[in-house]
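# below are the sequence and a predicted model; questions follow.
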Amino acid sequence: MMDRMIIDGLAFALPLFIIAVGGIYSERSGIINLALEGLMGFGAFSGALAVVLVLRSFPGLQPQGIYIAMIFAMVGGALFATIHAALCIYFKANQVISGVVINILSVSLTAFLTRQLNSLIFKAPSDRFQLGVANRITIPGLSEIPVLGAAFRNLYPFQIAIILVAVAAYVLFEKSRYGMRLRACGDNPHAVAAAGVDVERIRFSAVVISGALAGLGGISFAYSISANFSPMIYMGYGYLAIAALIFGNWGMTTTLGAALLFGFARSGGYELARALEMSSTFNDITMTLPYVLTLILLIFFSKTNRVPRSLGEIYDKGKR
Amino acid sequence: GGGSEPAAGNGGQAEADGEALRIAIVTSPSGVDDGSFNQDNYNGILAFVENHGNATVNAVQETTGDVAAAVQAVADVVADYDVIVTPGFQFADISSIAKDNPEKKFILVDANPTPQDGQELFDNVYAMTFAEEESGFFAGVAAALETKTGKVSVVNGIAFPSNVNYQWGFESGVMYANKHFGTSAQVVELPSYAGTDVTNTNVGGNYVGNFADPATGKVVGNALINEGVDILFVAAGGSGMGVFTAAMEAEGIYVIGCDVDQFDDGVYSGGNVILTSVLKNMSINVERQLNAIVEGSFQGSNELLRANTDSTGFVWGDDRHQLSAETMEKLEEVYELVQAGTIVPSANFNGHSPDNFPGL
Amino acid sequence: MKDAMISIRNVTKRFPGIVANDNISLEIRKGEIFALLGENGAGKSVLMSMIFGLYEPDEGDIWIKGQRVTDYSPRQAARMGVGMVHQHFKLVENYTIAQNIVLGMEPVKKTLGFLPLVNLTESEKEIEALSHRYKLDVNPRARIEQVNVATRQKVEILKMLYREADILIFDEPTAILTPQEIEYLLEIIRELRENGKTIILVSHKLEEIKEVADRCAILNRGRLVDIRDVATTSTREMANLMVGREVMLEVNKPAPAFGEVVLEVENLRVKNQDQVEVVKGVSFQIRGGEIFAIAGVSGNGQAEIAEAITGLKPVTDGTIRLNQVEITHYPVRQRNLEGIAYIPEDRQAYGLILEDPITDNLALKRYFQEPFSTPGGKLRPEAFVSYARRLIDTYDIRSNRGEASITRSLSGGNQQKMIIAREIEQDTPLIIFVQPTRGLDVGAIENTWQQILREREKGKAILLISLELDEIMALADTIGVIYNGEMLEIQPASALTAMEIGAYMMGVKEHE
Amino acid sequence: MNKKNPLTAFLGNEKWQWLSIPVFAVVLSIVAGSVVMLLMGKNPLAAYVGILQGAGLVPKPNYAGGTGMLTDFTSFLDALAPMIFAALAVTVGFRAGLFNIGIAGQMLLAGFFATLLVGYSDLPWYLAKPLVLIIAVTAGALAAGLVGYLKHRFNISEVVSTIMMNYIIAYVTSYYIKSYFVNPVSRQSEYIQPAASLTLKNLRVGGVRIDVSIGIVLAVAAALLVYYLLYKTRLGFEIKAVGANKQAAEYAGIHIGKTTVTAMMISGGLAGLAGATFYLGHYASMQPGVLAGLGYDAIATSLLGNNHPLGVLLASVLITTLDKGATYMSSKVGVVREISGVITSLILLFSATGTYIRYRVNRQRQEQKEQQEHREPPEEQSASPAPGEVSAQQVEKSREANLKEGGDEA
Ligand SMILES: Nc1ncnc2c1ncn2[C@@H]1O[C@H](COP(=O)(O)OP(=O)(O)OP(=O)(O)O)[C@@H](O)[C@H]1O
Ligand SMILES: Nc1ncnc2c1ncn2[C@@H]1O[C@H](COP(=O)(O)OP(=O)(O)OP(=O)(O)O)[C@@H](O)[C@H]1O
Ligand SMILES: [Mg+2]
Ligand SMILES: [Mg+2]
């Protein structure tokens, strides 16, 4: 039972985390990113489309499908994020609004394109792209550890990819020149500009990275939950990721904690329901567990929350 | 997408021309290419259109899934068509539109029209519902015959009558196989996912609690697989995709699809998880009624369709299922008994229970 | 011509409704200290910003080191060796001082042989050394958000020094430094010139200019009035040129006529947001008609005293009485109504809603009263407009579109005038001035001082918190010196010399 | 480009920019939508007319029994009401600097309590209908007020708390609906009693069925009221101040907490009314666990309306038209319905650039103006005394009283 809680919890928490990391990139550069839901969805769409296209010509690549999907999900998410970036940075749009609009656009556009492409290219009308499932990996040795070993059992390939990407994202964000400038942009872009750094370029790239990471999270959900891409992917996990990153105070490690909390509260809720043998009608109640828990914890942890100082402010060079 | 030629414009003229039937299919959110329920109905229309050259069909989609919105969508377009096909329980209330538009014909699938001022039957509405317990029964028999672990399960969405029918039909089928074919399959139920039906009776089973929550579906699927179940009958709408995923990720687990042939949904790198699919044959019935309309023999009625009209059943095509020849043989055997009415599997409200029904 | 480091040719810069720089031409020579003066809003900062690439001229062009600059940006400016200390700090608050200084040219070190990661250990040492050398002592590892305004100013200067620019622009660098710090800074500036750097200094402090500058240009309403050799121009002349009339910064202070005690602070204790006690048992009284000044080096708790009295910071212990009424725990609004007006230090954060028009800001403390709103809670826009027009007139608030101007578009000095106007008009028994003349030009300072004295004449109790000893000496009746959260001395102004105050400010106890 | 550009002239009139710029955005997106449509081989004109026909704003070629243009139009108005309320809710939040992303949850909660407490009762209409409104406002206001309180008291970001509350409300109400008042056929809550409904359904006017919406009257009234509240009252001033600069507002003596909670409660109350007119008006039952997409669309609608209550009215009309007309359009032109969603998002996308357009246009106009002024040398500066000089004289006077003669050299 503990095992299952850990395995399922991780499988949910990691994609959520990487989406939130995307959010951190964008928001720490000063651009509010409510578009995560849409970026995640569009990324998943792109990854799924790529896989379906590749497998049509090279059916032998089935086992590599998930890797192809992950790469293209990141590309697709990144491309779609340029809309948000352009709106917020060059067109000086309200960032909250832009995010919401991106979400609306993503839902209708992917639904529309999925149908159109299925009937045009594949001549098989359908509202989804079938993905097939991901094989699961168990890390020998580590998985033998009692209790915690579960964290190394039955891993999806995307979980390992996410961990690798997250480590890279962490180093880039915390230790590199680029990261240092990016974080400074979120605090005081005027200081960055005065230091001779192109604020707009930094922010643009940060938003694009957030799209790529959100796309990776999106394709992971697509694989782990329903093994296909359909508009059902828009289940609000993008918004949940925003909650996680705010809960995590815009920091990477704390946000990982928040994502794990969501994941384990969720899988724990299922286990609890099973242990208590409650009838299925109570499912709805146990499903609230992560959200209620978050709200309660926020009461204790929000006091010290520090929003990136320039978050949401339209950057105007001449502003005094 | 699914839509074909525009049908609007030259209103009354087409009607005079007997054959140029203008058909609309109005669906709830998932649309006519959902690879499932809606698509099956749509295929029935397409088959009809193929044989009647100048008939046209347009697909109209309602996106919220709300019952009032569903009816509104029909109302929005009804003037431009001669026949409206409405697959889904959401459309039960079209009876009000039907009353106002006696010259239009309605084919309602999976629900009976809502009574209007006490009127339950409408001259221009053909409503078809299906004896889900029969389909469930075939799934149960197949599962019991094919299980290696001796443990089988049914996963449903919410304990509405159609779902309970599937569940009890399935349990009836397992019972039947145990008794008549010497199997000893056990139906596994997770107490924490027991359903409560519309009369607030606990009906057992495994209910996800939702029709659009694949994530929980997967959790339920995994939990059952963990209990040693190797064949799952899945009648849980969108939540079912999660159960499929759980089965694909595990080894040697099979699922039985429902409503339509779901073989294509079962493909994965390791093969296919679909053991077989049990059916509601909507397409043939929709086509039948469309034919009746052009032939002038259409009659409004509320029909509960059974195996005796080939309306319930299972997949026959050899390349669309993975049952052994032996199992197929036995299924054909029980199919005839169900057709003949010898076997009447237990349903939510037919007074029989899975361990005590006619024919057991 | 050939040694012109910067050459500005017929430059015009407009903002909606205003010509900030009007056909300005001037040349700055290599190795000189060139001063720029002018009233608030004269266009000094705008001109400097164009040299630094923050704005683009609408007309005319700028030549740097004999090269006409096109497609100019701060990045470009930095490459050409131009550095600038901005009037409004441009610092990353949650970064350390070292991080701020190296930003844009961060040193990287290959880690694991291939990963270029930022490594600050070297830079921190360099910065420490640099700050010692120029007597701008800072701790490179301190976070900006934890250091006071003076330190921030030092960081801005260090930033430029670190970059080894050879054209250095200082836009009002001394506004908030202590006299000693100013001395050091001027020394630095001289030293820099010795090293062959070219320096532009924007300042309202004419003595400073007199002390260090070689030449000065005077701007008035966007136009270049004159360029003078500093050696042959008296500060008085400079002031005249700049304001267009005689200015005297020596006040005629009538003898005091103290009334009843208006404000009584007893054993006040206040904690800052990090729960550190920053005001440690301070007591004092202010009578009607008295100017009570708190002198002290920035960051010693004086801001917190003001915030505690106005209700913006909770009091941990002690009492505050206004006209015999204890107001220690009153909400802000009630204190305002009981009679406190407050000119805060940070006008951009506290005093004003920058995105709103002047009208709303001038009525910010009155909007809920007649005639601005009816008893039922409906606003009367006419009242806002007429009130704003009156104040704009009375207090000489200059803007591009009159009362409808968005506050952000005003120059810093004019924003300050708005606040002073609003607060004085509150007509309260107690007025708290924190750094009232920070960033104001001499004319405006003179004006403000007069206003403060006029309020004193009216019998108001005035709490003046300032870093400027001149200001305190000119205005105060009674002086308290604060050091590390404790009030060291309270004496009549006549009993203290500037030297003594300076000593107390550095923490010297008793009369030694 | 710098010459008299008619577009600049059209968009440059600042008095009308609140209208002209969104209109420009809409036109742009209609053009973009047409391109998409043409690429699909469909007639864009027919599509746009179809949308208007579907929304009852233009007559259809033929009507079904018992329906007419009036049927469509009244139904459109009925759908419009919740959109207006929801977008107003967003507007009020924005004004206070709060991003109420929880409209959908507050709507659901309000609809739930109103349905539960009044929807199934036997109360006569004159009690039931006002009660529905009161309960909905209360439920919405309390839910959002809690968010405001958490924000002020515990510094919990309203974005997070509203997202959490959306989930919690959706699940909890879903549990109750499924357990206690679900209709097994429709699988959603039982229909409410007509007495409790805010829409008088299926009335007949000359043989044509119409739905008379009480909500739309209330919604328009609410827009005017919100306008008055935000722009003409003390509370509006305080909300704006808190939204623009909390520190300055606090300094001015405005009670931040109270204002935050009040603004949130007004926003939530409006969301509650959106819920009432949605669940007990346009629809008469609730889908368990489903948050209305309207709650999110309203955010964009509010933007399109420039976050101004009166702009919101126009924007709601536009967005609702697109939504209402989509079904008929898709049937008429034979495209998937999603295309209307794509067009809607295009409109929103372009209108998100409104600030930018305004900025560019104003800048260009300014340049034109100044170039003209430059040709004839500026008279005004030398002729009339500038304000500074006037006050300089005043200063002179007061100086005599306060300053003693002398130089300023130390
Ligand atoms: N970004 C801007 N937008 C609009 N107007 C501006 C802008 N920047 C400056 N101005 C206007 O240009 C004029 C000159 O401003 P500037 O900041 O150069 O004054 P200053 O001489 O530096 O004054 P101070 O001594 O108060 O700092 C002012 O009237 C100001 O309102
Ligand atoms: N990042 C910050 N955010 C908010 N307040 C800050 C921040 N950093 C410093 N402060 C506050 O600023 C003040 C420190 O500034 P400063 O050193 O000028 O204090 P002071 O004693 O008020 O001196 P003076 O009023 O003479 O400038 C303190 O009140 C401190 O709490
Ligand atoms: Mg300046
Ligand atoms: Mg201070």
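Structure's in. What do you need? Ligands and ions are numbered 1, 2, ... in the order given.

# the residue most central in space within chain B pairs with what?
Closest to where the C-alpha atoms of chain B average out (CA atoms, centre = their mean) is residue B:259, at 3.4 Å. For residue B:259, the beta-bridge partners are residue B:279 (DSSP bridges).

# what sits against it?
For residue B:259, the contacting residues are B:36-37, B:40, B:235, B:277, B:279-280, B:282, by CB atoms under 8 Å, 6 or more residues apart in numbering or on different chains. C-betas here are computed from N, CA, C, even on glycine.

# then residue B:47?
Applying CB under 8 Å, 6+ apart to residue B:47 gives the contacts B:283, B:287.

# try it again at 10 Å.
Shown in contact with residue B:47 (CB atoms under 10 Å, 6 or more residues apart in numbering or on different chains): B:283-284, B:286-287, B:290-291.

# flag the shaky bits of the chain, pLDDT-wise.
Chain wasn't specified; assuming chain A. The model of chain A has pLDDT under 70 over residues A:1, A:317-320.

# wrong one, I was asking about chain B
Judged against pLDDT under 70, the low-scoring parts of chain B cover residues B:1-19.

# need the contacts of residue B:47 in TSV (columns: distance to chain C and secondary structure).
Listed next are the contacts of residue B:47 as TSV, based on distance: CB to the nearest CB, whole Å; DSSP: H, G, I helix; E, B strand; the rest coil:
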residue	distance to chain C	secondary structure
B:283	61	helix
B:284	66	helix
B:286	62	helix
B:287	66	helix
B:290	64	helix
B:291	70	helix
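
# which of those residues come close to ligand 1?
When those are filtered against ligand 1 using CB under 6 Å from any ligand atom, no residues are retained.

# the closest residue to ligand 1 within the stretch 101-250 of chain D and chain C: what is the separation?
Closest residue of the stretch 101-250 of chain D to ligand 1, CB to the nearest ligand atom: residue D:244 (17.8 Å). Plainly put, residue D:244 is 5 Å away from chain C if you go by CB to the nearest CB, to the nearest Å.

# then residue B:124?
Distance of residue B:124 to chain C, computed by CB to the nearest CB: 60 Å.

# now, of the contacts of residue B:47, which are buried?
Burial of these was assessed by neighbour count (16 or more other CB atoms under 10 Å in any protein chain shown); the buried members are B:283-284, B:286-287, B:290.

# residue B:41: what secondary structure?
Using DSSP: H, G, I helix; E, B strand; the rest coil, the three-state assignment for residue B:41 comes out as helix.

# that one: neighbour count?
Other residues lying near residue B:41 total 25 when counted by other CB atoms under 10 Å in any protein chain shown.

# check contacts around it.
Taking CB under 10 Å, 6+ apart as the contact definition, residue B:41 lies against B:25, B:27, B:32, B:85-88, B:107, B:109-110, B:260, B:282-283, B:285-287.

# buried set for stretch A:54-65?
Buried positions in stretch A:54-65, judged by neighbour count with 16+ other CB under 10 Å: A:54-55, A:62, A:65.

# nope, stretch B:248-258 is what I was after
Within stretch B:248-258, the residues that qualify as buried by neighbour count (16+ other CB under 10 Å) are B:248-250, B:253-258.

# those residues in helices, which ones?
Among the buried residues of stretch B:248-258, DSSP state H puts B:248-249 in helices.

# excluding sequence neighbours, find me the nearest residue to residue A:273.
residue A:286 (4.4 Å; CB to CB, 6 or more residues apart in numbering or on different chains).

# report how many residues lie close to the residue lying closest to residue D:289 once chain neighbours are set aside.
Excluding the flanking residues, the one nearest residue D:289 by CB to CB, 6+ apart is residue D:174, at 3.5 Å. Around residue D:174 there are 26 other residues, counting by other CB under 10 Å.

# re the thing from before, can you redo the buried residues of stretch B:248-258 as a markdown table with distance to chain D?
Written out in a markdown table, the entries for the buried residues of stretch B:248-258 read as follows (distance: CB to the nearest CB, whole Å):
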| residue | distance to chain D |
| --- | --- |
| B:248 | 26 |
| B:249 | 26 |
| B:250 | 28 |
| B:253 | 28 |
| B:254 | 29 |
| B:255 | 24 |
| B:256 | 23 |
| B:257 | 21 |
| B:258 | 17 |
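
# quick one: which of the buried residues of stretch B:248-258 is nearest chain C?
The shortest gap between chain C and any of the buried residues of stretch B:248-258 belongs to residue B:249, at 36.3 Å (CB to the nearest CB).

# got a list of what residue A:138 touches?
The contact partners of residue A:138, by CB under 10 Å, 6+ apart, come to A:144, A:149, A:152-155.

# what residues does chain C have near ligand 3?
Applying the criterion CB under 5 Å from the ion, the portion of chain C that neighbours ligand 3 consists of C:45, C:87.

# try 6 Å this time
Those residues of chain C that sit near ligand 3, judged by CB under 6 Å from the ion, are C:44-45, C:87, C:171, C:411-412.

# just the ones of the residues you listed in strands?
Among the residues of chain C next to ligand 3, the members falling in strands (DSSP state E) are residue C:171.

# filter the residues of chain C next to ligand 3 by proximity to ligand 1?
With CB under 6 Å from any ligand atom as the criterion, the subset of the residues of chain C next to ligand 3 in contact with ligand 1 comprises C:44-45, C:87, C:411-412.

# what does stretch A:170-179 contact?
Stretch A:170-179 is contacted from outside by A:21, A:24-25, A:28-29, A:169, A:180, A:182-183, A:197, A:202, A:205-206, A:209, A:251-253, A:256, C:102-108, C:111, C:115-119, using CB under 10 Å, 6+ apart.

# restricted to buried residues, select those in PyMOL.
Filtering the contacts of stretch A:170-179 down to the buried ones (16+ other CB under 10 Å) takes a single PyMOL command:
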select buried, (chain A and resi 21+24+25+28+29+169+180+182+183+197+202+205+206+209+251+252+256) or (chain C and resi 102+103+104+106+117+118)
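
# which ones are touching the closest residue to residue D:351 other than its chain neighbours?
Here the nearest residue to residue D:351 in space, its sequence neighbours aside, is residue D:25; by CB to CB, 6+ apart that works out to 3.9 Å. The contact partners of residue D:25, taken as CB under 10 Å, 6+ apart, are D:304, D:346-354, D:357.

# ok, which pair from the residues you listed is furthest apart?
Pairwise distances among those were taken by CB to CB; the largest, 15.2 Å, belongs to D:346 and D:357.

# ok, and does stretch A:6-24 reach over to chain D?
No. Interface with chain D: stretch A:6-24 contributes nothing (CB under 10 Å from any CB of the partner chain), its closest point being 11.2 Å away.

# how close does residue D:20 sit to residue D:94?
Here the distance between residue D:20 and residue D:94 works out to 22 Å (CB to CB, to the nearest Å).

# and what of residue D:359?
Distance from residue D:359 to residue D:94, counting by CB to CB: 20 Å.

# neighbour-wise, which of the two wins?
Counting neighbours by other CB under 10 Å for residue D:359 and for residue D:94 shows that residue D:94 has the greater number, 21 against 15.

# ok, back up a step: which of the buried residues of stretch A:54-65 come close to chain B?
Among the buried residues of stretch A:54-65, the residues lying close to chain B (CB under 10 Å from any CB) are A:62, A:65.

# this completes my enquiry, with thanks.
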